[in-house]
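>>> Next comes the sequence, and after it the predicted model I'd like to discuss.
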Amino acid sequence: MAAKFLASFFPTRLSASVSTTNSEQHPLPLSIVLHLLPGILTGAAFFLLAPIVERNGLPSYWAFGIADLVVLLPFVFGLLFYEGYKRNGRLSLNGVVLYREPIPWWQYLIYVPIAFFASALVPLLAPVSNFIYDRLFFWWPAMYNLSPDLGAYSQSTVIAALLFNFLTVSLIAPITEEIYFRGYLLPRLSRFGYWAVPIHTTLFALFHVWTPWMAVARAIGVIPFAFVVQRKRNIYIGMIAHILINTLDVLAGVMFILSQ
């Protein structure tokens, strides 16, 4: 059911030959810009909004979610539909967002858990991230830390923040990122062969400018995740796994509330 819902974003199915290959490869400098620019813009919005949000007695989750809504979404879908209009003469993602090959439903039961548990490499590499943070980013302002002290806020404020965080960070952002990064950018690096995924995951890690100390962990941890999507030519695997991964953060916040 989840896969069918996500597939509804793309009503017209591509042929296998179009979905698996793409002759329009991005030059590496362009690919670097397209990977990093939305992160720089979203991060800038977050850094500007966080002080405003905190002055109004809300945790920084709100600033991050708002930045996703007003910057990341318009940038990504504006670019993709612009590319689709140039290609198709109408607002369409056909030939723009690739890796949409259908797979039997039972394969989701295999590959979604693989992608999900592969991402466990990121928290397992927490000592590396902590080392980088302690050595290079110890000066990072607390308001820009996406793990705020929720105990400093009222229960109703925390609940509202978690619900907003679930909508933006656990649903909207994962779908948007998988469409853009794994459906649009990754296929256009395919000329690099087996190096395409490491190049892509490194750039994807650097996209997250709001948590630079996690770049190494993300670059390594997302490799098996992106490889599964590339191997099966199916971004819906990544969407479902990505939503589940981000939802864990919300559930952790819920558990915190219940423990109080």
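Everything's here; your move.
>>> tally of neighbours for Glu251?
Let me fix one detail, which is that residue 251 is Leu and not Glu. Leu251 has 12 neighbours, counted by other Cβ atoms under 10 Å. Every C-beta, even on glycine, is put in place using the N, C-alpha and C of the backbone.
>>> could you measure it against Leu124, distance?
19 Å (Cβ to Cβ, to the nearest Å).
>>> again, but for Ile243
21 Å.
>>> Those two: who's more crowded?
Neighbours were counted for Ile243 and for Leu124 using other Cβ under 10 Å; Ile243 has more, 22 against 12.
>>> tell me the contacts of that one?
Listed by Cβ atoms under 8 Å, 6 or more residues apart in numbering, the contact partners of Ile243 are Ser170, Leu171, Pro174, Ile175.
>>> Which of the residues you listed sits closest to Ala152?
Minimum distance to Ala152 across the contacts of Ile243 is 22.5 Å, recorded for Ser170 (Cβ to Cβ).
>>> Work out which residue lies at the spatial centre of this protein.
Taking Cα atoms, centre = their mean, the centroid of the chain lies closest to Glu177, which sits 3.9 Å from it.
>>> you'd agree that one is up against His242?
Yes. The pair Glu177 / His242 is scored as a contact, 6.8 Å apart, by Cβ atoms under 8 Å.
>>> Among the contacts of Ile243, which are located in helices?
Pro174, Ile175 (DSSP state H).
>>> Which among the contacts of Ile243 count as buried?
Ser170, Leu171, Pro174, Ile175 (16 or more other Cβ atoms under 10 Å).
>>> Next, count neighbours for His208.
15.
>>> Which neighbouring elements make contact with the longest helix anywhere in the chain?
Counting by DSSP H, the longest helix found in the chain is helix 28-55. Helix 28-55 sits against helix 61-67, helix 73-88, helix 196-207, with contacts defined as 3 or more Cβ pairs under 8 Å, 6 or more residues apart in numbering; DSSP states H and E.
>>> low-confidence ranges in this protein?
1-23, 147-151, 253-254, 256-260 (pLDDT under 70).
>>> who touches the nearest residue to Ile223 once chain neighbours are set aside in this structure?
Once flanking residues are discounted, Ile223 sits nearest to Thr201: 5.1 Å by Cβ to Cβ, 6 or more residues apart in numbering. Listed by Cβ under 8 Å, 6+ apart, the contact partners of Thr201 are Arg218, Ala219, Ile220, Val222, Ile223, Ala226.
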